[in-house]
Structure formats: C-alpha cells, structure tokens
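Participant: Coordinates only, no sequence provided:
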C-alpha cells in the first residue's frame, strides 16, 4: 500500500469519506451495531474490572495483602515458631521502605499471628489472634468498617480486643467483657493473656466472624514473648497490577535474607486467583462472542456496499485506479467507519457507565445472605473501574474489527473486472 | 478432652483447689485480728499448695446424659507437677494425666501411647468432668490475680466466717469478673466459692465440706463443683486417702513415670 | 412471488448468498453464544451445588428434631434408645428421587501419631452405603476405603501431612465417649483423600460406623444423621416434603431437611446465575438485531425497484410484506441450523468429556461449594428453545419494518429513481 501513503492517499481518503457519508443510512446502521457493541464492551469491562478489583481488594485486605513477607514455612504451618526474627523483620521493613510509596506500596501492616484459645465464662473456642498496629490495620484490613458495636482497638487501651460477632455470641461477650487468650508462646510454653472486648465486627464470613481476634501488636508480643518480631509483613498496593513488580523488587532486596520469603497474593491465596480468572474467562468469552456478531454485521454491510458499487468501482478503475487502490479505498472506508463508531461507542460506554453506575451497580436485592466466593465476601455493589489497559484493549478491538471486517470486502473489490462492472446495473 | 464440646466452663481456682486439696495445711490457731483480706486469702491459698502429697479420690460426675464415678490416685509436687492415675472403672484404669508446668500429657494404656494435649483443647473438659484442662495447668496465686476485700465478716449459720470479694486485677489473665469466697474464721477452711461473669450472673459454685483431721492435717475431704447453667449437673471429689510430705521428686513427674507408675 | 413459503424465502436469500450467509452466521453465533454460555453457567451452578451437597453433606439429611443447630453428641435419632438404622435408611431410600441413603455418627477428639497430635472431627460411616452418597469416598489418593468393623481411618491429605502419616500407618484415636469415659484405640490409616475443601482435608476423619460407635460407647442403633443422595438436587425440596409425611409415623421426632435449607446461600447463587442468563440472551440478541436489521434494511432498500414494479403491476403490499417475512423466516431456519451445527457438537463434547482447564484456573469455592477446573457444561433446554425463539424474533423484527416500508413505497417515484 505504499502508493496510498503518498499524495494518492489523500484522494483515496477523501473518496472513502465521501462514500461513508453518501451511504448515510447504511453507515449509520453499521456504526450503530458497532457503537452498541463497543459501548457494551466498555461498560461490562469496567464493571468487571471494578468487581474484580473489589474482590481482590477484599481478599487481600482480610488476608495477607497484595504482597506478604513471611518466613518460608509460615504459609503451611502457621505457628509462632515460623516467625520473622527481629533482624529478618528489620530487613523486611527496610526493603519495604526502599520500594516505598514510589513502588506503589500504600500500607505496610506488621502482624503477629498465633492460633490459640479464647475463653470467657461463657466458654472457650479456638481462634486466630492477630497482633496488629491499629492505625495501619484500620486502613489495611478495614475490619473496623465492619464494626457493629464499640470501636476498633481504641488508642491508649493496651488490652483492647476486636472480635467477630459470632465469637461474641458463642462466648457470651459484650463490650468490656473479659476475654482470656491462651496460646503457645515463643518459648513453647502455654501462656495466657487477658484482653477486653472493645469492638465487635461482622464481616459476613462465618470463619472470620468466629475465628479472628485483633489485639494490639505490643500486647501480643508481650504475651507471646516475641519482642521485636512478627509472623508477617503484609503490603497493600495501589493496584493489583503492581504486584509482580513490587514482589520482584522486594525479592531482590531480600535475596540474602533466607528467613524472609516474598509471596504475592495469587501465591498466598490461589483460590481467590482461580475464582477471578474463571470469572475473567467468562467475560472474555462473552466479549469475543459479542464482537464476532458485530464483526459479521460490519462485514456484511461493507460487503454489500462494495457489491452495490460494482459499477462505480468499474468506472474509477477505468479512470486509472489500480486494483490495490480500489481495495485500499474499501479498507479505508471500513477502518474509518469502525474508528468513528468505535470512538463514539467507547465514549458512550464510558459516559453511560459514569453517569449511571459511578455510584455502583447494586446486586444486593439478589443476595440476602452475602455472597462468598473463594473465601471472600463479594460486595453486592459493584463499582466500575476505568483502566487504561482495558481501554486500550477496547480500542484494539475496534481496529481489529474494522480491519478484519474490511479485508474480505476489500478483497472482493479488487476482484472486480472493469468490463463486467460496466455492464452491472446497481 | 471433650473436643467437639469445647464449651465447658473453664476457670482457674478450681485446679488450685483441687490439687490443693492434698496440700491444705492445718491452720488451726488462726490469725491475728489485724490481718488484711489479702493476707488471709493468701494464707488460705498458700495452704493449698506447697509441698508434696499423695492421695486417693473418688470422683463422681453427674451430667444430664450420664453419671459415672472414678477412683483415681493423685500425687503432686509443688504447683508445677501433678500426676493423676485412674484406678477404676476398669475401662479407664491406668489412664494417666501428667501436668508438668503448663503442659498436659495423657497416657492411654489401652493403646500404650502418650499424647500431649494441643493448646487449642485447654478449654475442654478433663475426663468428662466439670473441670477443664485449663483448670489443671493454671497455677497463679489468687493475690497475684485479684484485688481482695472483705465483703462480710461475722456469723453465717452459727459459724464465724469471712466472705471475700475477689475482683481481677486489670491485667490478670482470668475470665471471671468476680469471685465470692467464704472461709471459716476458726480454722481458715474454705466453705464455698462462687464465680460470676460481667453481667454478675453466677456461672459456677464450688463447695467444700467434711473437714477432716484424720490425715494429720485439717482438710476438706469433699469438694463439689456445680455449673449454674446446667442444673442437676455436678462433679464431686472425695478424698478417701491422703498423705502429706511424701518423698517425691521431679523425676516422679516425667514422661517415663507417666507410662509406668513407680 | 409464488410457490410455497420456503421457496419464496429461499429464492430471496439466494439472490445474495454471501450476504445471507454472513447474516445467518451472526445469528448462529448469537445462538451458540447464548446456549453455550448459559450451559457453562448452569454447569458452574450444578458443580457448585453438586459438590457443595455431593462431596459430603448429601442433598437431604434426616436428624433428630433437636439436633440442629447445636449438634450435641447425645441428640441421636430416636433418643437414648436409638432406632432401627436399617429400617430408617430403607425408608429414606424408598423415596422415588433418593438413589441412596447412608447413616452417620458424628464425634470429635484427637488423632495422634508420633509427636503430632491434632484435634479432629469424626464421621462414622457405613463403608458399604456411604460411597453411593458422598463423593469424598471416591476422592482417595492413596490406600483404600476403611472396612466395616475395622479400626480404620479415611483422612484428608492435609491431616496426613500434619500427622506425617500415610495409608498403612497406625495412629491413636481418642474420643470422649457418650458414657463419660475416654474412648481410645489404635487405628490404621486405610486411605488418604483430597476433597479440595480445606477444612475437611485438614480436620475430618472418616471411621466405620460400628468402630466409632464402639469407641464412643454407643450401641449400633444410635446415629445422628441419615444422609441421602438425590440425583437432581432440585428434587430435594419435594423429597423433604414427602419424607416429612412418610417418616412421621414410623420414626417420630425425625426431621428431614433438603440442602436448600442448610445451604441457602447456594440457592441465591443459583438465582443470581439465572438472572445472568437473561442478561446474556438480551445482550446477545440486541447485538444480533443491529447486525441483522441493517442487513435486512439494506436488502429491502436494494430491492425497492423490484417492489415498485410488483406494486405497479398490481401486487398488494400484503404480498410483498409476506414475501419479506418469509425471507426472514427462512433466514431464521438457516441460522438456527447453522447455530445448531455450531453449538451441539461443542455442547455434547463439553458435557461428556469436559476439558481440563487447570491451565486457566485451579480449585475455588463458591458459596462453600467447590468449583474444579474440569467443569462440565449442563444442557440448558429452556435456553435452547428460548434462544431459537429469540433468533426468529430477531430475524422477523428486523424484517418487518423494512418490509412494511417496502409495501408503502410510492411505485412511480421509485421507478423514476427518486
């Protein structure tokens, strides 16, 4: 197509443009199919991206973060014996601050987790006690947003505990209640710690609501004789797309610290990743099918316009246009049509999503009990997320359709014989 | 070791009391009038621990679903060590529990194995009784965990008693919100203890009786524990034999002695 | 404009076979999309419910009335006296939708091997009946199922890992007995399973019913549950209804419960997926309408000379309209045939030999039900019909407006080229 890159191209472009305009009705119908298709794509992609980001977000916040640094055996054993020593923890925190805010790290939560027993006069249940830094943790796990009574580990209250509603119910706890935590300490002895219930939350996940107890990191370290250490450093990133880069960087920085492993959320929570991928897969299939339908419609109209203009092409060919020129003209028409309608579709899709759904698409009417998938409660309100890669993907789709759908009609146009065409009655 | 029913009532002073049964010191002669509440309770408390003891008890457990009695031999050394061996019924005979520090080990003769109890089961019932495993291992002194004041001093049913009100210290790892504790003035013998939660609901009661000097010291030979939320249920412990200051050493409370009694 | 309807339609389509083929292709892809996607969605729901109920719980359970939610060890069916277990299992299995039923006893205690001791839940099962009810019996990785009357265990891979044992190893099992004594005995690990459910793999041990009864000092007539398998989970609610009446006389104090009562969140999930099916069909055919409508519109437009001529020689607009509708109808038939050719091989293959998609995703749970990467699509019969209806509706809808307009063309103008 070298010819139409020089002065020729202008002529072909104008011709194509004129044709698109002249065939107004057809052009509009064709672009309508594309506008609706692309608009739908943009809409459902932003909703799906938003949904997945929420999903991952909820999962990593309650779990181990986008990226977590912990001792190599902690993931499988989850006992205090597999903790980060004070020096390992220091190295880990140094690496984290090295990557820092520029690396996309929003929050750094140092946690000391231990499995133990929570007892009250009302009974005793096995729990996971997490020693946390309340100010970081309230931004990180956002469990405090699930608060239904009291407050989240209030300042100055060393013995505060934050418990789930099911635990509170089964142990007969209320605000201010004494709760004795018993667990195996760093020396291997069983030791007890008194805390007082200062807040009660409901996450909707039964395992979390019966099993999780948050206390201050300081008191957990005292109780367990684990001064200066932690079982994990959980990192929350700006977006899940930064995970691999940050993890690689941290891995390099911690390469010579054998006691500290860097895990990404798909490694730490393979279940969640599986669910997201499955859902994504379903979306992609749906999009591809939609776009095939759109593409077929576009092929059809362009092809028809080519066949309708057999005589016209015959004339232009007789006037000196080559086969290539004719083909190029049709291609330009197709791409032009796709570009315009694709652009309108993208804008329309974004606009509709923004105007009607920026405050969320609420599914809660369909789900009374709360939706669990891969161990995460799915927020029934989905907020759209506009991501540049997705948007570029949509633009790519538009061009793929435009070019793909024009190839065959363009080829047909090149096959037109001048002599035959002149006989053709439109 | 009731595992799926880990909702039994745990609590600490029972153990002290139970193991302490063997080591109650004779306190005849009493105390001077100027003693504070804490000093008195600590005195009673210390009488319940200390040296070594060896005894034989009958334990009768009454629950909604079954009733059974066991005979067991208990030996203890200080507060850190205890060995409890079941003598009857035959089905459980030889089953032995070793408390060593904060750990509980069980020896099961039928399978000839020793099992260390996981910490998550500390709250469950010991041998189906109303004691928990936790009761067995906790050994803090009362005055370390509680602020104590005399809530009553005088005559109850013709006996001169003190009644103490025990409130846990701010950081004490105990679950009770309040304990009432009655002690006879004349001989410092405990009469009952009542355990309350935050709502001031009674959760359980322990009663002591049948004080007997036959073993050379004055001790309550009978102790009964009753959970308040399960009327009709109780665990009763009765000493049939008791000796103090027996020659026991730490070696008598090892995993080896757990498997094969001396 | 004569001949049977299909010939008229066929002839019209034949004027421009390529265009017709593309149009039919669009509709066919739409049809295939609707059927395959709803089939996949139903496969997922079926997998969720199938695994959620089939791995362990069964689709229907019978308990003593007071057993739930506390699950006290003492609340066996028929109280302290117990029941004739075989008779109850037989009565449950007699329901026409129940394909198998099996008794169960629940307990808890310790499993210990070497230095490792774990708290575990015990499920006493009848090794002869249980495999027909719960799929976990078929999830073995090593060893074999425990044998009736034998002191044998069937434990999860994670528990085996934590205890550092495998099939053939001896462990100690300790369980508080119903008489207050401490049941304990040596057991052999007969086999190790992997269900994919974390909790079950880590903390549940299956023991032959009679062995567990002996350990827990319970007579043979005492069980907590009779679990039933119902091939189509959606029949379970009706079976519950029937059994409620059937069991009331011979087994008073029993309470049958279908899965939708003990796992209501799965029902909601299924409802959510069902509403998604509507979204799919509407969206796909909206796309198809745009695709087909413009083709039909153009086809009609192209033929306006022809129509004008026909009108001019006295053909009524109704005849023209009918001819266009027939054309759309034949287009529908062709599209549906094409769609069926496109859809059914995929559907049949995906249903009978589901591909392993572990390259895409691993195990995960949905409302507590396991979804595995080998996912079978289910045939969605309503969606096959509804998709076909939507396909014809789309073709006709797209044809009616242009045909109507064609019928109203002023012939003289058109012929004059205006």
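Facilitator: That came through, no problem. The structure displayed is predicted, hence computed values, not measured ones.

Participant: For residue C:280, which non-adjacent residue is closest in space?
Facilitator: Among residues not flanking residue C:280 along the chain, residue C:37 sits closest, at 5.3 Å (C-beta to C-beta, 6 or more residues apart in numbering or on different chains). (Glycine included, C-beta is placed from N, CA and C.)

Participant: ok, that neighbour touching residue A:285?
Facilitator: Yes: counting by C-beta atoms under 8 Å, residue C:37 touches residue A:285, with 6.7 Å between them.

Participant: which of the two has more neighbours?
Facilitator: residue C:37 (22 against 14; other C-beta atoms under 10 Å in any protein chain shown).

Participant: Now do the contacts for the more buried one.
Facilitator: A:282, A:285, A:286, A:289, C:280 (C-beta atoms under 8 Å, 6 or more residues apart in numbering or on different chains).

Participant: what number of residues lie near residue A:355?
Facilitator: Quick note: residue A:355 (other C-beta under 10 Å) scores 8 neighbours.

Participant: Does it lie in a helix or a strand, and which?
Facilitator: helix A:323-357 (DSSP states H and E).

Participant: Now do the same for that helix: mean pLDDT, whole number.
Facilitator: The average pLDDT for helix A:323-357 rounds to 83.

Participant: Next, the buried residues of it.
Facilitator: Of the residues in helix A:323-357, A:325-338, A:340-346, A:348-350, A:353, A:357 count as buried by neighbour count, 16 or more other C-beta atoms under 10 Å in any protein chain shown.

Participant: Run the chain-centre distance for it.
Facilitator: 27 Å (C-alpha atoms, centre = their mean, to the nearest Å).

Participant: Quick one: list the elements packing against that helix.
Facilitator: helix A:7-22, helix A:24-62, helix A:270-308, helix A:310-318, helix A:388-414 (3 or more C-beta pairs under 8 Å, 6 or more residues apart in numbering or on different chains; DSSP states H and E).

Participant: how about those helices in CSV, adding mean pLDDT and distance to residue B:209?
Facilitator: Conversion of the helices and strands packed on helix A:323-357 to CSV gives the following (pLDDT from 0 to 100; distance: least, C-beta to C-beta, whole Å):
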stretch, mean pLDDT, distance to residue B:209
helix A:7-22, 71, 105
helix A:24-62, 79, 53
helix A:270-308, 78, 58
helix A:310-318, 80, 115
helix A:388-414, 81, 78
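
Participant: Mind checking the ones you listed for the one nearest to residue C:195?
Facilitator: helix A:270-308 (13.7 Å; C-beta to C-beta).

Participant: list the helices and strands that closest one packs on?
Facilitator: Helix A:270-308 packs on helix A:24-62, helix A:265-268, helix A:323-357, helix A:388-414, helix C:17-54, helix C:264-302, strand C:364-366, strand C:369-371, going by 3+ C-beta pairs under 8 Å, 6+ apart.

Participant: ok so, going back, looking at the helices and strands packed on helix A:323-357, spot the one closest to residue A:168.
Facilitator: helix A:24-62 (18.2 Å).

Participant: tell me what that closest one is packed against?
Facilitator: helix A:265-268, helix A:270-308, helix A:323-357, strand A:376-378, strand A:381-382, helix A:388-414, helix C:264-302.

Participant: Not counting its own residues, what contacts the following helix or strand past that helix?
Facilitator: Downstream of helix A:24-62, the first helix or strand assigned by DSSP H and E is strand A:67-70. Outside strand A:67-70, the residues within contact range by C-beta under 8 Å, 6+ apart are A:64, A:82, A:84, A:92, A:95-96, A:231-235, A:237, A:243, A:246-247, A:250, A:254, A:260-265, A:268.

Participant: Give me the subset of those residues lying in strands.
Facilitator: Using DSSP state E, the members of the contacts of strand A:67-70 that fall within strands are A:232, A:233, A:234, A:235, A:237, A:261, A:262, A:263, A:264.

Participant: who's in contact with the second one?
Facilitator: It stands for residue A:233. A:68, A:69, A:70, A:84, A:89, A:92, A:93, A:96, A:108, A:109, A:110, A:111.

Participant: Serialize the helices and strands packed on helix A:270-308 to a markdown table and add fields for distance to residue B:204.
Facilitator: Output for these, formatted as a markdown table (distance: least, C-beta to C-beta, whole Å):
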| stretch | distance to residue B:204 |
| --- | --- |
| helix A:24-62 | 37 |
| helix A:265-268 | 43 |
| helix A:323-357 | 57 |
| helix A:388-414 | 62 |
| helix C:17-54 | 41 |
| helix C:264-302 | 38 |
| strand C:364-366 | 41 |
| strand C:369-371 | 42 |
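
Participant: Out of these, which is closest to residue C:176?
Facilitator: Comparing the helices and strands packed on helix A:270-308 under C-beta to C-beta, the one sitting nearest is helix C:17-54, at 29.7 Å.

Participant: Which neighbouring elements make contact with whichever helix or strand comes after the closest one?
Facilitator: Of the helices and strands lying after helix C:17-54 in sequence (DSSP H and E), the nearest is strand C:60-64. Counting contacts by 3+ C-beta pairs under 8 Å, 6+ apart, strand C:60-64 packs against helix C:85-93, strand C:225-230, helix C:236-250, strand C:254-258.

Participant: possible to save those as TSV with distance to residue B:240, mean neighbour count and mean pLDDT?
Facilitator: TSV is the format used below for those (distance: least, C-beta to C-beta, whole Å; neighbours: other C-beta atoms under 10 Å in any protein chain shown; pLDDT from 0 to 100):
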stretch	distance to residue B:240	mean neighbour count	mean pLDDT
helix C:85-93	43	18	94
strand C:225-230	43	26	94
helix C:236-250	50	16	92
strand C:254-258	46	21	93
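
Participant: For residue A:204, find the nearest of the ones you listed.
Facilitator: strand C:254-258 (23.1 Å).

Participant: Direction-wise, compare that closest one with helix C:85-93 and give the angle.
Facilitator: Inter-element angle recorded for strand C:254-258 and helix C:85-93: 40 degrees (by axes from the mean of the first three to the mean of the last three C-alpha atoms, to 10 degrees).

Participant: immediately after strand C:254-258, which helix or strand?
Facilitator: helix C:259-262.

Participant: Roughly how far does the closest residue to residue B:233 other than its chain neighbours sit from chain A?
Facilitator: Leaving aside its sequence neighbours, residue B:233 sits nearest to residue B:63 (C-beta to C-beta, 6+ apart; 5.1 Å). As for residue B:63, its distance to chain A is 16 Å (criterion: C-beta to the nearest C-beta, to the nearest Å).

Participant: Check residue C:49 too.
Facilitator: Distance from residue C:49 to chain A, by C-beta to the nearest C-beta: 14 Å.

Participant: quick one: contacts for the nearest residue to that residue once chain neighbours are set aside?
Facilitator: Excluding the flanking residues, the one nearest residue C:49 by C-beta to C-beta, 6+ apart is residue C:233, at 4.8 Å. If you count contacts by C-beta under 8 Å, 6+ apart, residue C:233 has them with C:49, C:50, C:53, C:59, C:259.
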